[in-house]
Each structure stands twice: as structure tokens, then as C-alpha cells.
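Enquirer: Build me a model:
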Amino acid sequence: MQTVENLSQETFDRCCQRLVNARPLVHCMTNDVVQEITADVLLAAGASPAMIIDEHESADFAAIADALLINVGTITEKRLCAMNLAIEAANKKSMPWVLDPVASGLLPWRDQQIAHFLSLRPTVVRGNASEILNLAGQGKGGHGVDSTDSSDDALQAAMALAKTRGIVVAVTGETDFVTDGEKVLSIAGGDVMSTLVVGTGCSLSALVAAFCACNDSALEASASALQMAKRASEMAAQQSKGPGSFHPAYLDALYQIAREHV
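Expert: Residues are numbered from 1 along each chain as shown. Reported below is the predicted structural model:
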């Protein structure tokens with residue numbers, strides 16, 4: 001049986017400190033619904049966001065960024081072209097990039113594009129349990145963009161996907177798991193309120209990219225990003241009365257955690 005380890009406080013503190021000190025520039029090619037919260041999350045955590053999505057600029061900007069996020073939430077033909085150009089530039093300079101396979105298993109054309117991006121060897125794939133199960137060929141996807149499976153059920157699939165592809169896979173849920181196919185780190189905690197605010201998952205993938213930009217271990221970097229989000233969710237839930245007040249409280253909590261590592 002695979003041994004699952006908790007992310008150590010020492011590793012978390014080290015990864016956070018590197019993020020805050022480096023203030024990485026994250027090229028976010030993400031969906032239209034979540035651009036604002038994605039930028040806000042990165043700024044609060046200590047990174048620098050940029051949303052460059054046109055095919056005439058994407059490769060040039062990826063060449064000067066520190067990390068790249070590819071989120072397929074609202075893909076179009078033109079956006080796919082721009083994304084492919086950015087990935088090519090990122091791979092050319094060995095820059096970390098994260099794939100968020102939004103709604104994997106939902107629609108055939110979408111699945112074709114996700115499969116293509118997966119073949120380009122992202123540094124990390126971050127998805128919910130149903131998305132990861134589908135990518136590993138062990139599930140049919142979730143209910144729209146929402147997972148219908150637990151992260152525990154997707155752990156073995158995540159490990160198989162990571163090992164086969166030579167990447168890091170982060171599967172998020174009640175407990176988050178991050179694996180490179182051999183080692184597994186788990187991150188517990190968080191609050192269900194985060195699932196009632198649009199963009200917390202998508203912005204989390206951007207946070208993973210930011211951490212990967214300034215930490216050598218994509219496994220530890222990804223787990224640290226998930227840990228930061230879990231802690232921020234807990235802190236925000238204590239201060240909020242519902243989704244409307246949770247959103248700004250979540251950003252404030254990310255900022256407070258980041259300031260502790262200056």
C-alpha cells in the first residue's frame with residue numbers, strides 16, 4: 001500500500017518564503033469567468049499575474065514569464081492557438097506550466113484538446129477527482145465542472161497518470177493529494193464554503209503555477225499552494241456569513257499567510 005505523507009510545516013514555510021521573495025510573474029491563460037479572482041489570488045499570495053491571451057502576444061509573453069497556466073474552461077479555436085504557442089515557448093525555456101483540465105470528460109472536442117495539452121508534458125495537472133479519473137481513463141467526468149467523485153477514490157488514478165506521463169498530478173477535494181507517481185503528499189482542511197465561490201479552484205491552479213516558478217520540487221510546490229488555499233479557506237470561513245463575504249475574506253487570508261513569510 002502506498003504511504004501517504006503530510007506536507008511538513010518546514011517545507012510549507014520554505015516554499016511560501018520563496019514565493020513572496022521571488023514575486024513570480026504568472027502568465028494566466030484562463031477562462032473568462034475567473035480572470036478577476038485569479039489575478040486577485042495571485043496578488044494576495046505575493047505573485048504577479050498577467051492575462052495575455054491573444055495569439056500575437058502569447059508566445060512572446062510566455063518567454064518572459066516565470067510560469068504559465070493553461071485553463072481550458074472557456075476554450076475557443078483562437079484561444080487554443082494562442083495556448084499552444086505559449087506552451088511551445090514555455091517548454092523551449094523549460095519554464096513550469098500547469099494544466100487545469102476543466103470539465104474533462106464532459107464533451108468530445110474539449111477532451112481532444114485536453115489530451116493534446118497533456119501530451120505536451122505539463123509540469124503539473126491540477127484537477128478535481130472526476131477530471132483526474134477521466135484523464136487516467138478510469139471515469140466519465142463529473143457533473144459539468146463539478147466533481148461527482150471523492151479525491152480518495154481518484155488517488156490511484158492520479159498516481160498512475162503521474163507515473164505514466166512523468167508529471168506531477170494534484171487532485172483536489174475534501175482532502176487534496178499531490179503525487180509524482182511514487183510519493184504522495186496529502187493536505188487536509190479547508191472549508192466547504194470555498195466550493196460556493198466561483199473561481200476558487202481555477203485560481204488555485206494559478207497559485208500552483210506561482211509556487212512552481214520559484215521552487216525546485218514541483219511536488220512540494222504544488223502541495224504548498226494547496227496548503228495555503230486550505231488554510232486561507234478555514235480562516236475566511238471563520239470571518240464570513242456566506243459566499244458573498246467569504247470571497248474578500250479569502251483574499252485577506254491569503255495575504256495574511258503570505259505576510260507571515262516576508
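
Enquirer: can you pull the buried residues of stretch 175-188?
Expert: Buried positions in stretch 175-188, judged by neighbour count with 16 or more other C-beta atoms under 10 Å: 175-181, 183-187. In short, each C-beta sits where N, CA and C put it, glycine included.

Enquirer: In this structure, where's the longest helix?
Expert: In the chain, taking DSSP state H as the definition, the longest helix is helix 218-239.

Enquirer: for it, what is the average pLDDT?
Expert: Average pLDDT, helix 218-239: 97.

Enquirer: Determine the set of other helices and strands touching it.
Expert: helix 9-22, strand 124-128, strand 168-172, strand 176-179, strand 184-187, helix 200-213, helix 243-259 (3 or more C-beta pairs under 8 Å, 6 or more residues apart in numbering; DSSP states H and E).

Enquirer: would CSV of those with mean pLDDT and distance to Met159 be doable?
Expert: Converted to CSV, the helices and strands packed on helix 218-239 look like this (pLDDT from 0 to 100; distance: least, C-beta to C-beta, whole Å):
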stretch, mean pLDDT, distance to Met159
helix 9-22, 97, 20
strand 124-128, 96, 12
strand 168-172, 97, 8
strand 176-179, 97, 5
strand 184-187, 96, 7
helix 200-213, 97, 18
helix 243-259, 97, 29
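
Enquirer: and of those, who's closest to Trp97?
Expert: Across these, Trp97 has its closest neighbour in helix 200-213 (6.9 Å, C-beta to C-beta).

Enquirer: Please work out the angle formed by the directions of the longest helix of the chain and strand 124-128.
Expert: 40 degrees (axes from the mean of the first three to the mean of the last three C-alpha atoms, to 10 degrees).

Enquirer: got the buried residues for helix 218-239?
Expert: Within helix 218-239, the residues that count as buried by 16+ other C-beta under 10 Å are 218-233, 235-237.

Enquirer: cool, and stretch 242-253?
Expert: Those would be 246-247, 249-251, 253, for stretch 242-253 by 16+ other C-beta under 10 Å.

Enquirer: State the mean pLDDT of stretch 35-46.
Expert: Mean predicted lDDT for stretch 35-46 stands at 98.

Enquirer: For stretch 133-143, the averaged confidence score.
Expert: 75.

Enquirer: how close does the nearest residue to Phe246 once chain neighbours are set aside get to Val168?
Expert: Leaving aside its chain neighbours, Phe246 sits nearest to Ser240 (4.1 Å; criterion: C-beta to C-beta, 6 or more residues apart in numbering). Distance, Ser240 to Val168, by C-beta to C-beta, to the nearest Å: 32 Å.

Enquirer: May I ask which two of the buried residues of stretch 242-253 are separated the most?
Expert: So, these by C-beta to C-beta: farthest apart are His247 and Ala253, at 11.0 Å.

Enquirer: Contacts only, for the residue nearest to Phe246.
Expert: Taking C-beta atoms under 8 Å, 6 or more residues apart in numbering as the criterion, Ser240 is in contact with 193, 246, 249.

Enquirer: can you list the residues that contact stretch 30-41?
Expert: 28, 49, 51, 69, 71-75, 100, 102, 197-200, 202-207, 247, 251, 254.
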